[in-house]
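Q: Predicted model follows, preceded by the sequence.
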There are 2 protein chains.
Amino acid sequence: METFLDKTLLDRGPIGTGITGKPGSTKARIERAALKLFAAQGVDGVSIKEIARACNISDGAMYRHFDSKESLAHTLFQAIHANLLSMLQDNVSPQDGLEATVRAVVTAYCELAEADPAAFAYHLTARNTVLARAGDGGADPSSLMARRISAAMATGEIPRADAELKSAMAMGVVLQAAEYRLYGRITTPLTDLIETFTDGVMAVLKTA
Amino acid sequence: METFLDKTLLDRGPIGTGITGKPGSTKARIERAALKLFAAQGVDGVSIKEIARACNISDGAMYRHFDSKESLAHTLFQAIHANLLSMLQDNVSPQDGLEATVRAVVTAYCELAEADPAAFAYHLTARNTVLARAGDGGADPSSLMARRISAAMATGEIPRADAELKSAMAMGVVLQAAEYRLYGRITTPLTDLIETFTDGVMAVLKTA
DNA sequence: AAAGCGTGTGTGATCGTTCATTCACATTCT
DNA sequence: AGAATGTGAATGAACGATCACACACGCTTT
């Protein structure tokens, strides 16, 4: 099972840089190779041998750096997720208004998607299988969004409705566009679309 | 690799009914079982044995009905996709305006998602791997949407912009919410949200 | 009615391959 | 020297797929 992700886009990520390992190290090379393969074929669609061959080491050497394939996949996801959260926290502060929060979330996603498409693609497809139901108790962008939306409803800034639903609709505006970008249906860098997305999301949130 | 799809939701589909085979037949039982497993674990995450056990036949018997696992997965996807398209064509006519078209697309997705969550979930995750790049030359809801958006831009009904981008943003409103529904983050039946989605999508499309 | 026969369906052993993982051993770094 | 890193053969399990065989029919021929 193989996807049709834009291959040139996947290579646009930080080349010698891994996620956990220091740049240039074998560990980093493994992570980078695994990330690209996981993004393109899914964790189950990639074998250890395949990852090893992609970074020119033997399959046995993989286990010097990771306990198992599952552990590698998990470590990668967690690192990317943490990175996404920290990007988000860089852009948002508690006293921000709704629109500023929306812009911060949008910005975090767009910047990650452009800076490291493979990481973003993997995060996008894996988030439902590893993050799961409230895996970290709402420490994901969508939950943050839902809380902020809820608050804005309380103040009457936007019409009252199911905050979780509105959060889904809002996230969808950005995430679906990002997915299109990964598959080459859109070619504009997402970072150029931050205001477009923010406006779109705000428009959705203002509907009754 | 397992997702955390709402299991009770997956069982809400037509129980004895398959996709291709006549209701109650072994073929239908295989399709139903495979669909649920594919939706929950991905095609690569499910073995022939697993599907066979789920519908109480031997693994060898699987091949009386399908040439291969890949073929089963492909057949299922195509059938669901065709079904989605026909639901869409039931609701839309060429002379429809933008909003009517949006409502038709939204309705098709919502009705499929509620009538057969497993089929919908599988379609959602598989569409990028099997439908691929313009697999059927734009005969998918999103491409139809993009064309209709393009037309509305030409008449000045909505601001001029990248139609493909706007289509992505519009689809995202519905699809992301549908995904939340599959994972139990939203419990409202999507068919009750058709107007909400239509309003949301229209609001997005009207932004500059 | 009984016997024969083709066809569709189901079984479970079996095939060759690939999988993730381990291990004894070699090499390189510190 | 000793630790870290790399190798590639080996292991057992699981995989997709095939096979010979068996049973249950509807059909014709006796």
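A: Now that the structure is in, tell me what you want to look at. For clarity, every value in this text was computed on a predicted model and none was experimentally measured.

Q: Could you measure from the spatially most distant residue from the centre of chain A over to residue A:101?
A: Most distant residue from the mean C-alpha position of chain A: residue A:156, 31.1 Å away (CA atoms, centre = their mean). According to CB to CB, to the nearest Å, residue A:156 stands 17 Å off from residue A:101. (Glycine included, C-beta is placed from N, CA and C.)

Q: Repeat that for residue A:9.
A: Distance from residue A:9 to residue A:101, by CB to CB: 28 Å.

Q: same question, residue A:200
A: 15 Å.

Q: Okay, now the unreliable bits of chain A?
A: For chain A, applying pLDDT under 70 flags the ranges A:15-16, A:132-136.

Q: Can you report phi and psi for the residue in it that DNA strand D sits nearest to?
A: Residue nearest to DNA strand D within chain A (CB to the nearest atom of the strand): residue A:60, separated by 2.0 Å. With angles defined as degrees, to the nearest 10, residue A:60 sits at phi -60, psi -40.

Q: who touches residue A:142 in this structure?
A: Taking CB atoms under 8 Å, 6 or more residues apart in numbering or on different chains as the criterion, residue A:142 is in contact with A:167-168, A:171.

Q: again, only this time at 7 Å
A: By CB atoms under 7 Å, 6 or more residues apart in numbering or on different chains, the contact list for residue A:142 reads A:167, A:171.

Q: so which helix or strand takes in it?
A: Secondary structure from DSSP states H and E places residue A:142 in helix A:141-154.

Q: before we move on, the earlier item: who has more neighbours out of residue A:200 and residue A:101?
A: Neighbour count, other CB atoms under 10 Å in any protein chain shown: between residue A:200 and residue A:101, residue A:200 has more, with 30 against 22.

Q: by how many degrees do the helix or strand containing the more buried one and helix B:194-206 diverge?
A: Using DSSP H and E, the element containing residue A:200 is helix A:194-206. Angle, helix A:194-206 to helix B:194-206, by axes from the mean of the first three to the mean of the last three CA atoms, to 10 degrees: 150 degrees.

Q: other SSEs contacting helix A:194-206?
A: Helices and strands touching helix A:194-206, by 3 or more CB pairs under 7 Å, 6 or more residues apart in numbering or on different chains; DSSP states H and E, are helix A:98-115, helix A:163-182, helix B:194-206.

Q: which of those sits most buried?
A: Highest mean neighbour count of the helices and strands packed on helix A:194-206: helix A:163-182, a mean of 26 (counted as mean count of other CB atoms under 10 Å in any protein chain shown).

Q: What angle do helix B:194-206 and that helix make with each other?
A: Inter-element angle recorded for helix A:163-182 and helix B:194-206: 50 degrees (by the same axes, to 10 degrees).

Q: tilt between helix A:163-182 and helix A:141-154?
A: Relative orientation of helix A:163-182 versus helix A:141-154 (the same axes, to 10 degrees): 140 degrees.

Q: hey, C-alpha coordinates of stretch A:179-189 in CSV?
A: Provided in CSV are the C-alpha atoms of stretch A:179-189 (Å, rounded to 0.1, in the frame of the first residue of the first chain):
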residue,chain,number,x,y,z
GLU,A,179,-3.3,17.4,2.8
TYR,A,180,-4.0,18.7,-0.7
ARG,A,181,-0.6,20.3,-0.6
LEU,A,182,1.1,17.1,0.3
TYR,A,183,-0.6,15.4,-2.7
GLY,A,184,0.4,18.2,-5.0
ARG,A,185,-3.1,19.5,-5.6
ILE,A,186,-2.1,22.8,-4.2
THR,A,187,1.4,24.2,-4.9
THR,A,188,1.3,27.5,-2.9
PRO,A,189,3.5,27.3,0.2
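
Q: what about it and chain B, touching?
A: Yes: using CB under 7 Å from any CB of the partner chain, stretch A:179-189 comes into contact with chain B via A:180, A:183-186, A:188.

Q: Of these, just say which sits nearest to residue A:31.
A: residue A:183 (23.4 Å; CB to CB).

Q: from what I can see the closest one touches residue A:6, true?
A: Yes: Residue A:183 is within contact range of residue A:6, at 6.4 Å (criterion: CB atoms under 7 Å).

Q: So which residues on chain A come close to DNA strand C?
A: When proximity is defined as CB under 7 Å from any atom of the strand, chain A approaches DNA strand C at A:46-50, A:59-60, A:62-63, A:68-70.

Q: So which bits of chain A are right by DNA strand D?
A: So far as CB under 7 Å from any atom of the strand goes, chain A lies against DNA strand D at A:26, A:56-61, A:64-65.

Q: out of the residues you listed, which are buried?
A: A:26, A:57, A:65 (16 or more other CB atoms under 10 Å in any protein chain shown).

Q: Report the separation between the residue nearest to the last one when sequence neighbours are not counted and residue A:69.
A: In space, not counting the residues next to it along the chain, residue A:65 is nearest to residue A:27; the distance is 4.8 Å by CB to CB, 6 or more residues apart in numbering or on different chains. Counting by CB to CB, the gap between residue A:27 and residue A:69 amounts to 15 Å.

Q: same question, residue A:57
A: Going from residue A:57 to residue A:69 by CB to CB gives 15 Å.

Q: And residue A:201, by the same measure?
A: In terms of CB to CB, residue A:201 sits 37 Å off from residue A:69.

Q: And residue A:115, by the same measure?
A: Separation of residue A:115 from residue A:69 (CB to CB): 26 Å.

Q: Tell me how many other residues crowd residue A:91.
A: Residue A:91 has 16 neighbouring residues, counting by other CB under 10 Å.

Q: May I have the residues that are in contact with it?
A: Taking CB under 7 Å, 6+ apart, we find residue A:91 in contact with A:104, A:107-108.

Q: need the residues of chain A near chain B, please.
A: Applying CB under 7 Å from any CB, one finds that chain A approaches chain B through A:1-4, A:42-45, A:128-129, A:132-133, A:162, A:164-165, A:168-169, A:171-173, A:175-177, A:180, A:183-186, A:188, A:199-200, A:203-204, A:206-207.

Q: most residues in a single helix of chain A, which one?
A: Ranked by number of residues, the top helix in chain A under DSSP state H is helix A:69-91.

Q: need the residues of chain A next to DNA strand C in JSON lines with distance to residue A:120, can you?
A: Output for the residues of chain A next to DNA strand C, formatted as JSON lines (distance: CB to CB, whole Å):
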{"residue": "A:46", "distance to residue A:120": "18"}
{"residue": "A:47", "distance to residue A:120": "23"}
{"residue": "A:48", "distance to residue A:120": "24"}
{"residue": "A:49", "distance to residue A:120": "26"}
{"residue": "A:50", "distance to residue A:120": "21"}
{"residue": "A:59", "distance to residue A:120": "28"}
{"residue": "A:60", "distance to residue A:120": "31"}
{"residue": "A:62", "distance to residue A:120": "24"}
{"residue": "A:63", "distance to residue A:120": "28"}
{"residue": "A:68", "distance to residue A:120": "24"}
{"residue": "A:69", "distance to residue A:120": "21"}
{"residue": "A:70", "distance to residue A:120": "21"}
